[in-house]
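# Have a look at this prediction, sequence included:
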There are 2 protein chains.
Amino acid sequence: MSLRPDTGAPSGAEADGERPVRPVPEATVSRLAVYLRVLGELREQGVETVSSEELAGASGVNSAKLRKDLSYLGSYGVRGVGYDVTSLQGRLQGELGMDHRQSVGLVGVGNLGQALAGYAGFAGRGFPVSALFDVEPDLVGIEINGIRVRHVREIPEVCAAHGVTIGMIATPGPAAQNVCDLLVEGGVQSILNFAPVLLQVPDDVEVRKVDLSVELQVLAFHVARRHIAGDVAIPADTPDGAAGATGETNGSVVSPR
Amino acid sequence: MSLRPDTGAPSGAEADGERPVRPVPEATVSRLAVYLRVLGELREQGVETVSSEELAGASGVNSAKLRKDLSYLGSYGVRGVGYDVTSLQGRLQGELGMDHRQSVGLVGVGNLGQALAGYAGFAGRGFPVSALFDVEPDLVGIEINGIRVRHVREIPEVCAAHGVTIGMIATPGPAAQNVCDLLVEGGVQSILNFAPVLLQVPDDVEVRKVDLSVELQVLAFHVARRHIAGDVAIPADTPDGAAGATGETNGSVVSPR
DNA sequence: TCGTGTGAACACGTTCACAGCC
DNA sequence: GGCTGTGAACGTGTTCACACGA
């Protein structure tokens, strides 16, 4: 990997001092992850150079935002040309911590947990699940993807030993806080929480929450909004020959542009 | 601009045609869903009245934000007292579209899909999964939770017939766009997408994306940042040591936030 | 010429602090 | 006194538009 390919960095190389933390906005970080995936796809297709317009389009953002996002990492593009796919990919990987070894510990191998444990996208993207935990006697001891499920009480020890950097909590709500405490005890400072509860953690621990029923409710809100706003105002475009709908259901089918 | 949210009539405020401005900010909507869950828990505990301070604390936000959020719905609190749990719950349910019948169609009953299909939280929160789809011959025809898995090609017909309001896509990436088109054809205007691809949809269709590897990468970013900031703080002193009774709040690493 | 990089304008979201009502 | 509801201040994030370099 090539870090700091050249020059003394125009706007602030961090030597090693009291240089304040990098000013990468939180909102930008999430998008960098998206760009990184798209870059991977582009490279597989053999694309060597990409413009901000193209990369932005493929990532679902506008090009100004993309350029601004990348500008926080320094100048890695070439004016009049675009970005070199490979080197930009490397730069993003570095920024997103992919040059460290990441290792995921997953707690709760029930319904959702087993799906997460088997999700190929994690290992494929550099986040191998390396430890599994549960309390259920039927589950403790079994192997999933070659990894043995251990008892929750072993979390601190195993996480420390395996160097787990990220904990994922996929337990029922009531168990989540206890599990969280054990992860923190094991030195885990980043947690992805699927349980529908608010976790209490020390200040130096980062928690992100994925709340599926919140997502659904936001969508339901928009459903309701449309019913009020749209009502009779069904979009103009020809309904076209959609499958026979039941009468009442307003099949406001709109043909894609 | 103008257009006051206006504390108009509780039901059916303005019903006139064009409504260019969104009265309730997007960021607020997500939080309303959280408040709603917490209110449900409070009611189960027999709590009848709650202050903004308490409700905010239980929801993980500060009280000013909560009051501002609720103010978009009108005045439902009592000064000097707080909010009536039951009536606020009812108000939020209405605002979030829970007085309409919601019905979820889930496409892709593989690893993740089966977990989602079996997730009790959905039905329990008013989002029953009422249709399942896949292409895999081994899966089409089986029953999950009493619902038969149908072939993807039946999506338009079945969604229209069942009045599916929300589609969930849990297929592999390459299949997602096609599935999405079928959902739209069936009249579905709200989609929750778990596939790591950018969906192309008409303007009147709302898509929310849950991207687990993005979540992990954001966490990884913070891991890396801590390593830079905290420097020597992470490396566990000889793991050899006893299962150290770590204080819960180890104040060792201080991130300069 | 073309596309990046970036200050400046703008829009959105959060926090403050206090008026108003119980 | 206590707590809600809300304008105004503030901060964060997004978009614009153009100078600059290949």
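Structure's in. What do you need? Numbers count the residues shown, from 1 in each chain, chains lettered A, B, ... in the order given.
# quick one: contacts for residue A:191?
Contact analysis of residue A:191 by Cβ atoms under 8 Å, 6 or more residues apart in numbering or on different chains lists A:166-169, A:180, A:183, A:199, A:201, A:205-208, B:219. Bear in mind the C-beta positions are built from the backbone N, C-alpha and C, glycine included.
# For DNA strand C, see how far away residue A:167 is.
If you measure residue A:167 against DNA strand C using Cβ to the nearest atom of the strand, to the nearest Å, the figure is 25 Å.
# and what of residue A:85?
11 Å.
# how many other residues sit next to that residue?
By the criterion of other Cβ atoms under 10 Å in any protein chain shown, residue A:85 has 21 neighbours.
# mind listing what it touches?
With contact set as Cβ under 8 Å, 6+ apart, residue A:85 has these partners: A:39, A:42-43, A:47-50.
# Equivalent analysis for residue A:114, please.
Residues counted as contacts of residue A:114 (Cβ under 8 Å, 6+ apart) are A:144, B:111, B:115.
# So for those residues, which is the shakiest by pLDDT?
pLDDT across these is lowest for residue B:111, at 91.
# correct me, but that one touches residue A:115?
Yes - the pair residue B:111 and residue A:115 passes the contact test of Cβ atoms under 8 Å, sitting 4.7 Å apart.
# residues making contact with the lowest-mean-pLDDT helix or strand in chain A?
The helix or strand of chain A with the poorest confidence is helix A:120-124; it has a mean of 89 (mean pLDDT, DSSP states H and E). The contact list for helix A:120-124, computed with Cβ under 8 Å, 6+ apart, reads A:104, A:116, A:128-129, B:196, B:212-213, B:216.
# which parts of chain A sit against DNA strand C?
A:11, A:51-53, A:63-64, A:67-68, A:70-71, A:75-83 (Cβ under 7 Å from any atom of the strand).
# let's go with 10 Å and repeat that
Taking Cβ under 10 Å from any atom of the strand as the criterion, the neighbours of DNA strand C within chain A are A:10-11, A:49-56, A:63-83, A:88.
# Separate out the buried members of those residues.
Among these, those classed as buried by 16 or more other Cβ atoms under 10 Å in any protein chain shown are A:50-52, A:54-56, A:66-67, A:69-70, A:73-74, A:77, A:82-83, A:88.
# Tell me the one of those residues nearest residue B:229?
Using Cβ to Cβ, residue A:73 comes nearest to residue B:229 of these, at 17.5 Å.
# per-residue confidence for that closest one?
Reading off the confidence values, residue A:73 has pLDDT 96.
# May I have the beta-bridge partners of the residue nearest to residue A:81 when sequence neighbours are not counted?
The spatial neighbour of residue A:81 that comes closest, neighbours along the chain excluded (Cβ to Cβ, 6 or more residues apart in numbering or on different chains), is residue A:49 at 6.3 Å. The residues listed as beta-bridge partners of residue A:49 by DSSP bridges are residue A:84.
# Residue A:49 and residue A:83 touch, don't they?
Yes - between residue A:49 and residue A:83 there is a contact at 6.8 Å, judged by Cβ under 8 Å.
# Can you point out the buried residues in stretch A:156-174?
Applying a neighbour-count criterion of 16+ other Cβ under 10 Å, one finds A:156, A:158-160, A:163-171 buried in stretch A:156-174.
# swap in stretch A:178-195?
Those would be A:179-195, for stretch A:178-195 by 16+ other Cβ under 10 Å.
# Give me the distance between the two termini of it.
For stretch A:178-195, the separation between the terminal residues is 12 Å (Cα to Cα, to the nearest Å).
# What is the burial count for residue A:228?
By the measure other Cβ under 10 Å, the count of residues near residue A:228 is 13.
# What are the buried residues along the helix or strand hosting it?
Residue A:228 is part of helix A:212-229, with elements assigned from DSSP states H and E. Residues of helix A:212-229 classed as buried by neighbour count (16+ other Cβ under 10 Å): A:212-226.
# do the same with stretch A:91-105
When burial is assessed from 16+ other Cβ under 10 Å, stretch A:91-105 yields the following buried residues: A:91-98, A:102-105.
# Most widely separated two among the residues you listed?
Within the buried residues of stretch A:91-105, two members stand farthest from each other by Cβ to Cβ: A:91 and A:105, at 28.4 Å.
# residues contacting residue A:119?
The neighbours of residue A:119, taking Cβ under 8 Å, 6+ apart as the test, are B:111-112, B:212.
# before we move on, what about residue A:177?
Under the criterion of Cβ under 8 Å, 6+ apart, the contact list for residue A:177 reads A:197, A:199-200.
# a helix runs through it, doesn't it?
Yes - note on residue A:177: a helix contains this position according to DSSP: H, G, I helix; E, B strand; the rest coil.
# any idea how far residue A:193 is from it?
10 Å (Cβ to Cβ, to the nearest Å).
# Ok, residue A:165 next?
Where residue A:193 is concerned, residue A:165 sits at a distance of 16 Å (Cβ to Cβ).
# Check residue A:89 too.
Between residue A:89 and residue A:193 the computed distance is 29 Å (Cβ to Cβ).
# correct me, but residue A:103 touches residue A:162?
Yes - A contact is recorded between residue A:103 and residue A:162 when judged using Cβ under 8 Å, the distance being 6.0 Å.
# Check the contact lists of the two and give me the overlap.
A:130-131.
# so residue A:73 makes contact with residue A:91?
Yes - judged on Cβ under 8 Å, residue A:73 makes contact with residue A:91 at a distance of 5.9 Å.
# rewinding a little: restricted to helices, list the contacts of residue A:191.
Counted as lying in helices by DSSP state H, out of those, are A:180, A:183, B:219.
# Does the last one touch residue A:209 like I think?
By that I understand residue B:219. No - between residue B:219 and residue A:209 no contact is recorded; they are 11.6 Å apart, counting by Cβ under 8 Å.
# Identify the contacts common to those two.
With contacts defined as Cβ under 8 Å, 6+ apart, the residues shared by residue B:219 and residue A:209 are residue A:192.
# Might you list the low-confidence residue ranges for chain A?
Within chain A, the stretches falling below the threshold (pLDDT under 70) are A:1-22, A:229-257.
# Now do the domain split for it, please.
Domain ranges of chain A: A:26-95, A:104-212, per automatic domain parsing.
# rewinding a little: for the least confident helix or strand of chain A, buried residues please.
Across helix A:120-124, burial judged by 16+ other Cβ under 10 Å covers A:121-122.
# right, and the helix or strand after it?
strand A:129-134.
# mind checking which helix or strand residue A:67 is in?
When secondary structure is defined using DSSP H and E, the element that contains residue A:67 is helix A:63-71.
# Shouldn't residue A:30 be within a helix?
Yes - membership of residue A:30 in a helix is supported by three-state DSSP.
# if we can go back for a sec, and which of the buried residues of helix A:212-229 is nearest to DNA strand D?
Closest to DNA strand D out of the buried residues of helix A:212-229 is residue A:218 (17.0 Å), distances taken as Cβ to the nearest atom of the strand.
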